[in-house]
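S.K.: can you look at this prediction? I've put the sequence above it.
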Amino acid sequence: MTILQSIILALVEGLTEFLPVSSTGHMILTEGILGMESTAYLKAFTVMIQFGAILSVVVYYFRRFLPFPIFGLKPDPTTSLGGWPLYGLMIIGCIPAAILGALFNDTIDDLLGNTWVVLTMLFLGGILMIYFDRIFTNKTERKVTTQNAFIIGLFQCLAMVPGVSRSMATIFGGMQQGLTRRQAAEFSFFLAVPTMFGATLLKGYKLYKELGMGVFEENWQTLLIGNVVAFLVALLAIKFFISFVTKYGFRAFGYYRIILSVGIAIALLLGANISLG
């Protein structure tokens, strides 16, 4: 992997990780467009630069993560979704994905190289996004319970299929549980922290077991640059997304998914080479 390729992939990761458009799907399509070979390191890189993206959540919502005052900084008093209760909800919410991820990790890896699976899920997810945005319109904030968190965690498991979008699955899980668009989006961000951190550690460990420490020594520059770029871009994406969905909802992202999937499918049928070797 070149430095330029790592930057491009990190830009895509940072822009799409917290938008309901499937960051994994976009990464796979980008890798195909760049003509990259589907290596063990590439698959690990795709997951491991998510660490930079989740760090942006911790920084952006820093006061939400404070369980008590630290160095003059106090927890955010304007919301119940913060402090020690937030940690408990995150742990409960990530339990389903942790169990299923451990059981079906190899199957998920096999799907990561299938462009048609990604396109199908992008298309179907777009249709569902437009539909669900019309029927879930709760505008009154409520307290997030442990039951809400666990059910949203079950929705998150749908995102193990590339192209579904972890963000989309958890956001609609939250809206189905009666949360507002803003609450659902924010809890989706928070739930990403333990889930993606665990996935990053697991993928890094598997890469080490398979290829040894040499793969990290050889590729530390692309991995570092990828995480830094993903962090910076994701910070901007979070701010934009919260503002946009609060005002306009999710339909625009649904139309985008449909147009993108149909466009790429037509290009493939016409002979374009957008698949991993």
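M.R.: Okay, I see it. These figures come from a predicted structure and were not determined experimentally.
S.K.: so which residues of the chain form strands?
M.R.: With DSSP state E, there are no strands along the chain.
S.K.: which helix or strand in it has the lowest average pLDDT?
M.R.: One helix or strand of the chain scores below all others by mean pLDDT, DSSP states H and E: helix 105-111, with a mean of 61.
S.K.: looking at the protein, which residue lies furthest from center?
M.R.: Of all residues in the chain, G72 has its C-alpha farthest from the mean position, at 32.2 Å, by Cα atoms, centre = their mean.
S.K.: quick check: that residue vs F231, distance?
M.R.: Between G72 and F231 the computed distance is 25 Å (Cβ to Cβ, to the nearest Å). Heads up, the C-betas are built off the backbone N, CA and C, glycines and all.
S.K.: one more: T16?
M.R.: Distance from T16 to F231, by Cβ to Cβ: 14 Å.
S.K.: swap in C157?
M.R.: In terms of Cβ to Cβ, C157 sits 26 Å off from F231.
S.K.: who are the neighbours in contact with the residue nearest to P75 when sequence neighbours are not counted?
M.R.: Setting aside the residues directly before and after it, P75 is nearest to L66 in space (Cβ to Cβ, 6 or more residues apart in numbering), at 4.4 Å. L66 makes contacts with 73-76, 82-83, as judged by Cβ atoms under 8 Å, 6 or more residues apart in numbering.
S.K.: phi, psi of L66?
M.R.: With angles defined as degrees, to the nearest 10, L66 shows backbone torsions of phi -80, psi 120.
S.K.: show me where the protein dips below the pLDDT cut-off.
M.R.: 77-78, 102, 104-113, 273-277 (pLDDT under 70).
S.K.: thought S188 was touching T170?
M.R.: Yes - counting by Cβ atoms under 8 Å, T170 is a contact partner of S188 at 4.0 Å.
S.K.: list residues touching both of these two?
M.R.: Counting by Cβ under 8 Å, 6+ apart, the residues touching both S188 and T170 are I152.
S.K.: how close does A267 get to E37?
M.R.: Distance from A267 to E37, by Cβ to Cβ: 20 Å.
S.K.: which one of these two is surrounded by more residues?
M.R.: More crowded of A267 and E37, by other Cβ atoms under 10 Å: A267, with 13 against 10.
S.K.: relative to S261, how far out is the more buried one?
M.R.: In terms of Cβ to Cβ, A267 sits 11 Å off from S261.
S.K.: one more: I3?
M.R.: For I3 relative to S261 (Cβ to Cβ), the value is 30 Å.
S.K.: out of those two, which sits in the more crowded spot?
M.R.: Counted by other Cβ under 10 Å, I3 and S261 do not tie: S261 has more neighbours, with 23 against 11.
S.K.: tell me if I'm right that that one and F123 touch.
M.R.: Yes - using Cβ under 8 Å, S261 is in contact with F123, at 4.1 Å.
S.K.: okay, helices next: where are they in the protein?
M.R.: Per DSSP state H, the chain carries helices over the ranges 3-16, 23-33, 40-48, 50-60, 83-103, 105-111, 115-135, 146-156, 166-176, 181-211, 214-248, 251-269.
S.K.: counting contacts, what elements does the last one pack onto?
M.R.: The elements that helix 251-269 packs onto, with contact taken as 3 or more Cβ pairs under 8 Å, 6 or more residues apart in numbering; DSSP states H and E, are helix 115-135.
S.K.: need the contact partners of the helix it packs on.
M.R.: With Cβ under 8 Å, 6+ apart as the test, helix 115-135 has contacts from 20-22, 24-25, 28-29, 32, 111, 161-165, 168, 172, 175-176, 249-251, 253-258, 260-262, 264-265, 268, 274-276.
S.K.: starting at the chain centroid, how far to that helix?
M.R.: Put simply, helix 115-135 sits 16 Å off its chain's centre (Cα atoms, centre = their mean, to the nearest Å).
S.K.: what do you get for stretch 164-172?
M.R.: For stretch 164-172, the distance to the chain centre is 8 Å (Cα atoms, centre = their mean).
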